[in-house]
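**Student:** Fold the following for me, if possible:
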Amino acid sequence: MIEDRMQETIADGTVMIETAGDAVGQVNALVVRDFGDHAFGAPARVTAKASIGRHGVINIERDVALGGPIQQKGVMVLQGLLAGRFARTFPLSFDCSITFEQSYGGVEGDSASIAELVAILSELSGVPVHQSVAVTGSLNQHGRAQAVGGVHHKIEGFFRTCVESGGLTGEQGVVIPRVNADDIVLRDPVVEAVAAGKFRIMAVDTIEDAVDCMMAGAAGAPDPTGRYPAESIFGRVMAQLEAFNSALRERHGAV
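**Tutor:** Below is the predicted model:
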């Protein structure tokens, strides 16, 4: 009954989840709700908002004591990943808050790491995220996708959301770590929809793979100096971070 009621609140718009279109700084993360005798998957909206600053990634769940230690560790890993990719020649001069929207209980685990980072990259680059795709997966500081639990629940939860929120379009699907791909056993309606090309399951190895699946553009590869192509998503992120840093230097002097 709890699972049914939650899906009803998504379908009627009480819980805001979109399964079509594009949006900047907004990602459908996949989570598992566990009530002891029953567990099920469902999407949860993760959003990011960036501005000039020096704090880096701001985890709202942590600041209000709703984030467990593993969730907090996952966000700190993202800060290290961003620094390694974009702060080789200048400091990370940004504030970017991230949060699970319409979440009023505790959040634990690092399986939303890919979702959180994609939301941050979208917000910084201005490149939208496909709302027809949901994602689960942990990341390490090198940007490699790591295994997570409950993947079958998560896939089936988003599949049901798509079916009950306007039906399958052929564009909808989920992104999962490749290391989880051999371990999932799904219900027949999901398997049949995938076989018919109505629903997609995309396995990824890196954050670049996830970006290519979820966003309207290519992540981009660095040249020998560490610069990314200007029109790539990572190139746009670096340009925005450089602009933030320049603005701070002009206002407060060199740091």
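
**Student:** Return the distance of residue 153 relative to residue 143.
**Tutor:** Noted for residue 153: a distance of 26 Å to residue 143, by CB to CB, to the nearest Å. The way it works is simple: take the backbone N, C-alpha and C, and place the C-beta from them, glycine included.

**Student:** what do you get for residue 70?
**Tutor:** 19 Å.

**Student:** So for those two, which residue has more residues nearby?
**Tutor:** residue 143 (21 against 13; other CB atoms under 10 Å).

**Student:** Name the spans of this structure whose pLDDT lies under the cut-off.
**Tutor:** 253-255 (pLDDT under 70).

**Student:** any idea which residue sits dead centre in it?
**Tutor:** Central residue of the chain (CA atoms, centre = their mean): residue 115, 1.1 Å from the mean position.

**Student:** Show the contacting residues for the closest residue to that one other than its chain neighbours.
**Tutor:** The shortest distance from residue 115 to any non-neighbouring residue, by CB to CB, 6 or more residues apart in numbering, is to residue 29 (3.6 Å). By CB atoms under 8 Å, 6 or more residues apart in numbering, the residues touching residue 29 are 43, 44, 45, 46, 100, 112, 115, 116, 134, 135, 136.

**Student:** Also residue 141?
**Tutor:** Residue 141 sits next to 77, 80, 81, 84 when contact means CB under 8 Å, 6+ apart.

**Student:** remind me, longest helix of the chain?
**Tutor:** helix 233-252 (DSSP state H).

**Student:** elements contacting it?
**Tutor:** Other elements packing on helix 233-252 under the criterion 3 or more CB pairs under 8 Å, 6 or more residues apart in numbering; DSSP states H and E are helix 69-86, helix 113-125.

**Student:** now the helices: where do they sit in the stretch 51-200 of the chain?
**Tutor:** Applying DSSP state H, counting those that start in this stretch to the stretch 51-200 of the chain gives helices spanning 60-63, 69-86, 113-125, 151-164, 188-195.

**Student:** what's the spacing between the residue lying closest to residue 242 once chain neighbours are set aside and residue 214?
**Tutor:** Of all residues not flanking residue 242 in the chain, residue 90 sits nearest, at 6.3 Å (CB to CB, 6+ apart). Using CB to CB, one obtains 27 Å as the distance from residue 90 to residue 214.

**Student:** The two - which one has more neighbours?
**Tutor:** Neighbour tally, residue 90 and residue 214, criterion other CB under 10 Å: the higher count belongs to residue 214, 27 against 15.

**Student:** That one and residue 155, how far apart?
**Tutor:** Taken as CB to CB, the span from residue 214 to residue 155 is 15 Å.

**Student:** How about residue 93?
**Tutor:** For residue 93, the distance to residue 155 - CB to CB - is 38 Å.

**Student:** Among the two, which residue is more densely surrounded?
**Tutor:** Shown here are residue 93 and residue 155; by other CB under 10 Å, residue 155 has more neighbours (25 against 21).

**Student:** dump the residue contacts of that one.
**Tutor:** Contacts of residue 155 by CB under 8 Å, 6+ apart are 30, 41, 174, 176, 184, 186, 190, 201.

**Student:** centre of the chain versus stretch 80-99, how much separation?
**Tutor:** 16 Å (CA atoms, centre = their mean, to the nearest Å).

**Student:** Next, the buried residues of that stretch.
**Tutor:** 81-82, 85-86, 91-99 (16 or more other CB atoms under 10 Å).

**Student:** cool, stretch 165-181 as well?
**Tutor:** 165, 168, 171, 172, 173, 174, 175, 176, 177, 178, 179, 180.

**Student:** Report the two of those residues separated the most.
**Tutor:** Maximum pairwise distance in these, criterion CB to CB, is 29.5 Å, between 165 and 179.

**Student:** How many residues are close by the nearest residue to residue 97 once chain neighbours are set aside?
**Tutor:** Of all residues not flanking residue 97 in the chain, residue 58 sits nearest, at 4.4 Å (CB to CB, 6+ apart). When neighbours are defined as other CB under 10 Å, residue 58 has 19 of them.
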